[in-house]
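# One predicted model, sequence on top.
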Amino acid sequence: MLTADRFLRSGKVRDLYQRPDGRLLLVASDRISAFDVVLPTVIPDKGRVLTGLSRFWFAQTAGIVPNHLLSTDAAGDPDLRGRIMVCRPTEVIPIEAVVRGYLAGSGWKEYRATGAVCGNVLPSGLRESERLPEPIFTPATKAEQGEHDENIDLDAMVARSSVARRPSGCATSPFACTRMPRGSSADAGLILADTKFEFGLDRATGELLLIDEVLTPDSSRFWDAASYEPGRAQASFDKQFVRDWLETQPWDKTAPGPALPDRRRRRARASDTCKPSSGSPARSFERYLAEDVIAR
């Protein structure tokens, strides 16, 4: 199925192929990136984690905003099962639509410097990891591989977008898409601190679609609710601890990145597979690996 003549390009994590019928195949690899650089270490089953969670949340949010997912049929290829999505071709909007409910990461750094995040002026005196009075929309540029994303305000988002006829959808849909996951995360003992969405226009109809991935460890920041305490960094179920480790390394954040020690690699795999879901996350994930079944 995946032949060299069908290959289009590779992103930081996903490989993209063109089907004879014009549809796209997105194959999630086990690569891990940080600071927009692909690291030389792979995380076992990471691509299946990203695909399984995205499949679940694409289905859950389909009534809020349509998405590009059409099928997950691996055509009998066991190597692709659980990591492939057949999708509608889109014109990708080069903006990362980030919604923040808490003050962390680059948002915390910008707030300390300016008192605002992407043009959103916030109350003074907020602490690291503080819950915001209301979730805020903080778009960022979608950089090419090897370059770095940049936080921007809403005006800059519209100016940079080639589809300015529909900027409002990128600003309103993310808020709607975070309502349901926040409740599910709370039920699982987690806090959804922030997440990003990506959008595109269906090449055939021009319809605005949610694309790429949804509420995965690569696109979201999940914290342990039981140990949450504002004023410090939080215990997380995402790759923030990888970024934290990289910050201690003699590395200028350009390719190639440093390899992860084995202990960090094992922790990344455990962090990925303990994501919120119905019942036991670990059991749900093992069932997904064995049977390609998404737990509800």
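Sure, I can see it. Numbers count the residues shown, from 1 in each chain.

# per-residue confidence for residue 1?
Looking at residue 1, its pLDDT reads 62.

# mind listing the strands for the stretch 151-296 of the chain?
For the stretch 151-296 of the chain, the strands defined by DSSP state E, counting those that start in this stretch cover 190-202, 208-211, 220-224.

# any idea where the helices of this structure begin and end?
46-61, 105-114, 154-160, 167-187, 240-247, 262-273, 281-291 (DSSP state H).

# Throw the strands of the stretch 151-296 of the chain into a markdown table and include mean neighbour count and distance to residue 269, thanks.
(Each C-beta comes from the backbone N, C-alpha and C, glycine too.) Output for these, formatted as a markdown table (neighbours: other CB atoms under 10 Å; distance: least, CB to CB, whole Å):
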| stretch | mean neighbour count | distance to residue 269 |
| --- | --- | --- |
| strand 190-202 | 23 | 18 |
| strand 208-211 | 24 | 26 |
| strand 220-224 | 23 | 16 |
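
# Now those in JSON lines, please, with extra columns for distance to residue 112 and mean pLDDT.
Below are the strands of the stretch 151-296 of the chain laid out as JSON lines (distance: least, CB to CB, whole Å; pLDDT from 0 to 100):
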{"stretch": "strand 190-202", "distance to residue 112": "17", "mean pLDDT": "93"}
{"stretch": "strand 208-211", "distance to residue 112": "32", "mean pLDDT": "95"}
{"stretch": "strand 220-224", "distance to residue 112": "18", "mean pLDDT": "92"}
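
# could you dump those strands to a markdown table with distance to residue 179?
Below are the strands of the stretch 151-296 of the chain laid out as a markdown table (distance: least, CB to CB, whole Å):
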| stretch | distance to residue 179 |
| --- | --- |
| strand 190-202 | 10 |
| strand 208-211 | 14 |
| strand 220-224 | 14 |
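
# From residue 248, how far out is residue 70?
Note on residue 70: its distance to residue 248, by CB to CB, to the nearest Å, is 43 Å.

# Looking at the two now, which is surrounded by more residues?
Set residue 70 next to residue 248 and count neighbours by other CB atoms under 10 Å: residue 70 wins out with 12 against 7.
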